[in-house]
Each structure stands twice: as C-alpha cells, then as structure tokens.
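**Q** can you look at this prediction? I've put the sequence above it.
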Amino acid sequence: MAILKFKDPITGLWNAVKIYVRSLGFSVDGVGADSEGNVALGALLYKVNMSLSDAYKAIARANIGAQAELGSANPLALTGGGTGANTALAALTNLGAQAKLDSGHPLATSAGGLGATYANLAAIASAIANSLGLKSLAYLHLQAGYASITIPAGQTTASLTITYDDAFSATPIDADCKLAGTGFPNAYGGKFASLHSSNPTETQITLAVGIGTAQASDVSIPVRWSAIGTHS
Amino acid sequence: METMWVLVNDAGRVTDTVIGGKLDGGTDVEIPEGYNLERQQDWKLVDRVLIYDPEVSV
C-alpha cells in the first residue's frame, strides 16, 4: 500500500492526497489529511466506505496466500473455527506412524476406529469373524483316525483310550466309532465297536470293541473313529 | 515319514495301534510296509522298530 501526498501549487497547502491500495483492490482520493498531508486510517476507511471489520476481512483474504501451505511456520488456526495447530501437526505426524500396525501403533479406539485395540492381524481377523458370526466355522476342528484294539484270548471285550493330536476347546459336539476291518460283522460270533460310555472328552476319546464268542487266541479289531467340535 | 502309536505286551508284541492320535505309555514308530491292523499281533517292537514276527496260534 502506498500513500502519496502533494502540495496544492495554488494554495500551497497539503490538502490533497491520492492513495492506491493495490493489494486490497481499491483506490481513493484522499481527504482529511493533516497539515502535512498524512491521512489517518479512519479517514481512509471513511473515504472508501469500509467498516473496520470489513477491513480485517480484506486483510484476511490477502493472507490466504500465506495459508495455502501448512508447515511449522503456517499452522492451522488454533481459534476462530480452526482445527488447532497441535491437532493438525499430530494428525500429519500420525499419518506416517499409522502406516504400520504394532504394539506401539494400535488401531484407533475412538469413534471411527474398530472399537478396540488389537495386538496383531490374527486378532483383527478373529474380531471380524466374530462380528460376521463365523466363529463356529473359524474354529471348526475335526479329529479322526484308525485304531486296532486287541481282544485277548478268552475274552470278548476290550477298550482303548486315544489322546487327540490337537485338543478341543470343549467336549466335541459329535463323535463316532465303527468297524473298519474286513470279514465283519459275522466273524467271531459278531464284531462290535462303539464309543466308551464316558467319552469323548476335550482331550481324549475311548473306543470299545467286542466279539460274540471268545477266541482261543488274540483278536485284533480295526476301527475308524472321528470327533468334531471347536478348536481350543 | 508316516508314524503311528503302538502298545505292546511284555513280549514286545503289538496289542494296540493308533493312526491319528497318541497312546499313553505307547511308542511312536514308523509304519512298516505291509503292516495290517487286523494282524497287528504279528509284529513285535524291537529297539523302537517293528519287526514282522507272525504269531503262532496255540
């Protein structure tokens, strides 16, 4: 902004001033200058019919160029509707930090986040599976195998307890045991296989076999078993 | 290498076999070629290895 003043060549008085304020986009022929030709701000504002608040707005608009860049020297405003310099800086900083997930960089717990902190991607996957009602599928667990149980000579029954390779989280929801060998069911007066009355449990299954007629030598009864439930 | 668990009697002869599980007091061994679940008593455990030794009926 430049303020010009000149002396009236006729009167010899400093009474005529011309002002150009290019950055604000207006010009004015000055009046109300003092004896030295200086124009008071009030007179200037009066001449251009601009209120003080309008003048501030004009100045603010002129400063928009400076605000176009966000940096330590140009933070977002703390007051008057701004988002706060610290908040803005923290948000920018966290953009880099959030690029990875670890114990030091958990997902947000506030509104808009996933609602909790998660240790790793497996925990996130579990949360999503639970949210979608997929828990029973995600934890489906099946154990199965073959076994051969010897019925000693002179006896008609025997049992065998098997420990699963991987335990269930609770008693299996279903289990089965059936004959698996050849020559059944008529050999030895009839062959039988079933689960023991006390099984299965979370960790073991007990199989029971029998024959109709005791034999003079040992008899091996092959069976096939299975159990299904949720994984521990 | 596929393995199984076996229980043996005092003579080392197989009395029980499990494929797909574990047996308390049993031994984890490699499944030998020709092993038959219905004739498990024909195998004896020697130094953690199953040896074919057909049982003689009495």
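**A** All right, it came through fine.

**Q** residue of chain A with the smallest distance to chain B?
**A** Ranking the residues of chain A by distance to chain B (C-beta to the nearest C-beta) places residue A:145 first, at 2.2 Å. (Glycine included, C-beta is placed from N, CA and C.)

**Q** wait, that residue sits on residue B:22?
**A** No. Residue A:145 lies out of contact with residue B:22 (C-beta atoms under 8 Å); the separation is 10.0 Å.

**Q** shared neighbours, the two?
**A** Residues within reach of residue A:145 and of residue B:22 at once, by C-beta atoms under 8 Å, 6 or more residues apart in numbering or on different chains, are residue A:162.

**Q** of these two, who's got more company?
**A** Regarding residue A:145 and residue B:22, a neighbour count based on other C-beta atoms under 10 Å in any protein chain shown identifies residue A:145 as having more, with 19 against 15.

**Q** who's in contact with the closest residue to the more buried one other than its chain neighbours?
**A** Once flanking residues are discounted, residue A:145 sits nearest to residue B:20: 2.2 Å by C-beta to C-beta, 6 or more residues apart in numbering or on different chains. If you count contacts by C-beta under 8 Å, 6+ apart, residue B:20 has them with A:143-146, A:165.

**Q** give me the buried entries from those residues.
**A** For the contacts of residue B:20, a neighbour count by 16 or more other C-beta atoms under 10 Å in any protein chain shown gives the buried set as A:143-146.

**Q** excluding residues flanking it in the chain, which one is nearest residue A:208?
**A** The nearest residue in space to residue A:208 (C-beta to C-beta, 6+ apart) is residue A:159, at 4.4 Å.

**Q** hmm, the one you found is touching residue A:210, no?
**A** No. Assessed by C-beta under 8 Å, residue A:159 is found out of contact with residue A:210, at 9.4 Å.

**Q** where does pLDDT dip in chain B?
**A** In the predicted model of chain B, residues B:57-58 satisfy pLDDT under 70.

**Q** got the phi and psi for residue B:40?
**A** Residue B:40 adopts backbone torsions of phi -60, psi -30, taken as degrees, to the nearest 10.

**Q** leaving out the residues flanking it, which one is nearest to it?
**A** residue B:14 (4.4 Å).

**Q** and chain A, which residues reach chain B?
**A** By C-beta under 8 Å from any C-beta of the partner chain, the residues of chain A that approach chain B are A:143-150, A:160-165, A:180-183, A:205, A:216-218, A:220, A:222.

**Q** filter those residues to the buried ones?
**A** For these, a neighbour count by 16+ other C-beta under 10 Å gives the buried set as A:143-150, A:160-164, A:180-181, A:205, A:218, A:220, A:222.

**Q** how about the residues of chain B near chain A?
**A** Within chain B, the positions lying close to chain A (C-beta under 8 Å from any C-beta) are B:7, B:14-24, B:37-41, B:55, B:57-58.

**Q** and the gap between residue A:205 and residue A:193?
**A** When distance is defined by C-beta to C-beta, to the nearest Å, residue A:205 is 12 Å away from residue A:193.

**Q** strands of chain B, start to end?
**A** Listed in chain order, the strands found in chain B under DSSP state E are B:3-8, B:14-19, B:27-30, B:43-46, B:49-52.
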